[in-house]
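Participant: Got a sequence here, can you model it:
(2 chains)
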Amino acid sequence: MKYVILIYGNPASREVWDGFTPEQQAEGLKIYAALNADLRASGEMVVSQALAEPAAGRRVMVSDGVAMATDGPFAEVKEHLAGFYVVDCASFDRAVEIAGRIPEAGWGMVEVRPVQNWSM
Amino acid sequence: MGDGRGAAGPELVDVTSLDGLLRELAPQVLAAVVRRYGGFDTCEDAVQEALLAAATQWPVQGVPDNPKAWLITVAARRRTEMWRSDTARARREEAVFIQDASGSVPDVDDTLTLFLLCCHPSLTHPSQVALTLRAVGGLSTAEIARSFLVPEATVAQRISRAKQRIKADGFRLPPALELPERIAVVLRVLYLIFNEGYTASSGVSLNRVELTAEAIRLTRQLRPERPDDGEIAGLLALMLLTDARRPARTARDGALVPLAAQDRGLWDSVAIAEGTSLITSALAVAPVGPYQVQAAIAAVHDEASSADATDWRQILVLYDLLERLAPGPMVTLNRVVAVAMVHGPAAGLRLLDSLAPHYRVDAVRAHLLDMAGEYAAAGVHYGRAARGTLSVPERRYLEGRARAAAGMGGGSGVRSSPDSSPS
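Facilitator: Got it, this is the predicted structure:
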């Protein structure tokens, strides 16, 4: 079964991160590196990416068949997607276990969603 | 096969039959190479490369007179090269290897040993599946990855990790006492492969290896290894009898068609005949087991000329037996359906109350309420079941039933049996 693990961020969590010393940040990244290595070794990793900040994104709007990409509006955004994993693992419990190793889970900002499938 | 060079000419080598030949030879070649040199890990990689070499060279140069010996020779050579790149000591032994490899092939049938090793109980299910498809089925890592819609690197990692894990296990049959248990694991892996293929909707099957056909092929390969094993015959029969209904299972628009509404004229009568004869003879001689009972149930469905003609009494007897042999929530749920078909929806509904919540329980409850004419309640439970499934075609089907139930005042629509299992 495939699951997507969504990692959220918000301005407050960003501030916490920015307030970390380089050592603390390195420690946080090490946790991710170890998790990634474990998931690759177990054959459960499908893909994982950290996302650039929302301000670096574009919003797409199609009008009269013409696609327009604009910046924002992002001002009102309280929570944003900061990164995600797609894992292929044995059970929902296992996916939750994996999600529990993500540091953001300590703030309740990690969500596990089963992938909808097209099979019967 | 045989003399592809002479009669047909290289350009006429049929790629499909070539593929079939290579896949059939794959486990024999692997077993021969492992038996001769040991080291399953490296040998398996080497055989993969030999298969690849054959797939590119044979269509151009023609199929060699002895394809198996050719593959063994090439695999042995590749194995030596790999080994040499790992260690320096191989050099002096190389000459012996090559000399040996071109000679006669030991005529020991190691197919069962290979199956058991690939389905080693210490491996996870995804690893057992990947390793079996590659080492016994002769599929490439890329083909397996496409079949399961995961990246190639993920499958490659599962295979290499699995091989590391079983490294310590020699290439030999386990003690006779452990055999039944070990064969049961192999059967479960084959059934997993079959189900993966059976439940895939046609839309994504493009470019995917037909996993149902592959599972059937592998089970056929396993059967002569243990001809008296009723469960191997039972599993093969179950696969054939289930797969026979596949052409009727999906409507043109991709919608799921439940068993009761299927056009039985579309069912594969050849597969049904083979499956029925297999299960009939297995039940007559072998000790009964869960696969045989499931095959017998499938046979009763397949033999009915219409849904109404289904012998539900016999199906109920078989579910009673299955619940004793291999109890589980899905078996219990399917038995409830049989009870409802024999004794009426109220009897079925009473039994449902004791089951743990699951969307399939909701779906069966909805069907039974529908049968009982309680359309409003049926609509609610169809809706609940629709929200519970992760499968898009199944959700669409359940939503359709929910709408139909909601719009039902008097006359009944499709009178179908509640089908809790994949049709």
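Participant: separation between the residue of chain A found nearest chain B and residue B:62?
Facilitator: Residue nearest to chain B within chain A: residue A:43 (3.5 Å; Cβ to the nearest Cβ). For the C-beta atoms, the positions are set from N, CA and C on the backbone; glycine is no exception. Distance of residue A:43 to residue B:62, given as Cβ to Cβ, to the nearest Å: 39 Å.
Participant: Skipping adjacent residues, who's closest to whichever residue of the stretch 101-250 of chain B sits closest to chain A in space?
Facilitator: In the stretch 101-250 of chain B, the residue that lies nearest chain A is residue B:158 (3.5 Å; Cβ to the nearest Cβ). Distance criterion Cβ to Cβ, 6 or more residues apart in numbering or on different chains; nearest residue to residue B:158, sequence neighbours excluded, is residue A:43 at 3.5 Å.
Participant: In this structure the one you found contacts residue B:153, no?
Facilitator: No - between residue A:43 and residue B:153 there is no contact under Cβ atoms under 8 Å: 9.1 Å.
Participant: Same drill for the two, tell me which one is more crowded.
Facilitator: In this view residue A:43 and residue B:153 are compared by other Cβ atoms under 10 Å in any protein chain shown, and residue A:43 has more residues nearby, 24 against 15.
Participant: What parts of the stretch 301-423 of chain B come near chain A?
Facilitator: B:390, B:391, B:392, B:393, B:394, B:422 (Cβ under 8 Å from any Cβ of the partner chain).
Participant: Take the residues you listed and keep only those in helices.
Facilitator: Per DSSP state H, helices hold the following members of these: B:392, B:393, B:394.
Participant: Enumerate the residues of the stretch 101-250 of chain B near chain A.
Facilitator: Within the stretch 101-250 of chain B, the positions near chain A by Cβ under 8 Å from any Cβ are B:124-127, B:130, B:148-151, B:153-155, B:157-158, B:161, B:199-201, B:203-204, B:249-250.
Participant: which ones among those are found in helices?
Facilitator: Assigned to helices by DSSP H, the following of these qualify: B:125-127, B:130, B:148, B:153-155, B:157-158, B:161, B:199, B:249.
Participant: low-confidence ranges in chain B?
Facilitator: In the predicted model, chain B carries pLDDT under 70 at residues B:1-15, B:86-109, B:201-209, B:409-423.
Participant: Domain-wise, how is it divided?
Facilitator: With domains defined by automatic domain parsing, chain B comprises B:1-107, B:299-406.
Participant: If you count neighbours, what's buried in whichever strand or helix holds residue B:346?
Facilitator: Assessed by DSSP states H and E, residue B:346 sits inside helix B:345-352. Using 16 or more other Cβ atoms under 10 Å in any protein chain shown as the test for burial, helix B:345-352 gives B:345, B:348, B:349, B:351, B:352.
Participant: which one is the third one nearest to, not counting chain neighbours?
Facilitator: The shortest distance from residue B:349 to any residue other than its chain neighbours is 5.1 Å, reached at residue B:368 (Cβ to Cβ, 6+ apart).
Participant: what's next to the helix holding residue B:346, contact-wise?
Facilitator: The contact list for helix B:345-352, computed with Cβ atoms under 8 Å, 6 or more residues apart in numbering or on different chains, reads B:335-337, B:339-340, B:361, B:364-365, B:368-369, B:371-372, B:418.
Participant: switch the cut-off to 7 Å
Facilitator: Outside helix B:345-352, the residues within contact range by Cβ atoms under 7 Å, 6 or more residues apart in numbering or on different chains are B:336, B:337, B:339, B:340, B:361, B:364, B:365, B:368, B:371, B:372.
Participant: Mind exporting the C-alpha coordinates of whatever helix or strand the third one lives in to PDB?
Facilitator: Read it as residue B:339. Element membership for residue B:339, per DSSP H and E: helix B:329-343. The C-alpha trace of helix B:329-343 is given here as PDB (Å, rounded to 0.1, in the frame of the first residue of the first chain):
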ATOM      1  CA  PRO B 329     -13.100 -11.600   8.700                       C
ATOM      2  CA  MET B 330     -13.500 -11.800   4.900                       C
ATOM      3  CA  VAL B 331     -14.500 -15.500   5.200                       C
ATOM      4  CA  THR B 332     -17.000 -14.700   7.800                       C
ATOM      5  CA  LEU B 333     -18.400 -11.800   5.700                       C
ATOM      6  CA  ASN B 334     -18.700 -14.000   2.600                       C
ATOM      7  CA  ARG B 335     -20.500 -16.700   4.700                       C
ATOM      8  CA  VAL B 336     -23.000 -14.100   5.800                       C
ATOM      9  CA  VAL B 337     -23.800 -13.400   2.200                       C
ATOM     10  CA  ALA B 338     -24.300 -17.100   1.600                       C
ATOM     11  CA  VAL B 339     -26.600 -17.300   4.700                       C
ATOM     12  CA  ALA B 340     -28.600 -14.400   3.400                       C
ATOM     13  CA  MET B 341     -29.000 -16.000   0.000                       C
ATOM     14  CA  VAL B 342     -30.200 -19.300   1.500                       C
ATOM     15  CA  HIS B 343     -32.200 -18.100   4.500                       C
END
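Participant: Quick one: list the elements packing against the host helix or strand of residue B:270.
Facilitator: If you go by DSSP H and E, residue B:270 is part of helix B:269-285. Helix B:269-285 makes packing contacts with helix B:230-243, helix B:290-303 when contacts are defined by 3 or more Cβ pairs under 7 Å, 6 or more residues apart in numbering or on different chains; DSSP states H and E.
Participant: Show me what counts as buried in it.
Facilitator: So, applying 16+ other Cβ under 10 Å, buried residues of helix B:269-285: B:271, B:272, B:274, B:275, B:276, B:278, B:279, B:282, B:283.
Participant: what's the answer for stretch B:287-304, then?
Facilitator: B:288-302, B:304.
Participant: from those residues, which is closest to residue B:245?
Facilitator: Nearest to residue B:245, judged by Cβ to Cβ, of the buried residues of stretch B:287-304 is residue B:302 at 7.1 Å.
Participant: leaving aside the residues next to it on the chain, what's closest to that closest one?
Facilitator: Ranked by Cβ to Cβ, 6+ apart and with sequence neighbours excluded, the top spatial neighbour of residue B:302 is residue B:272, at 4.7 Å.
Participant: Now do the contacts for the one you found.
Facilitator: Applying Cβ under 7 Å, 6+ apart to residue B:272 gives the contacts B:241, B:244, B:302.
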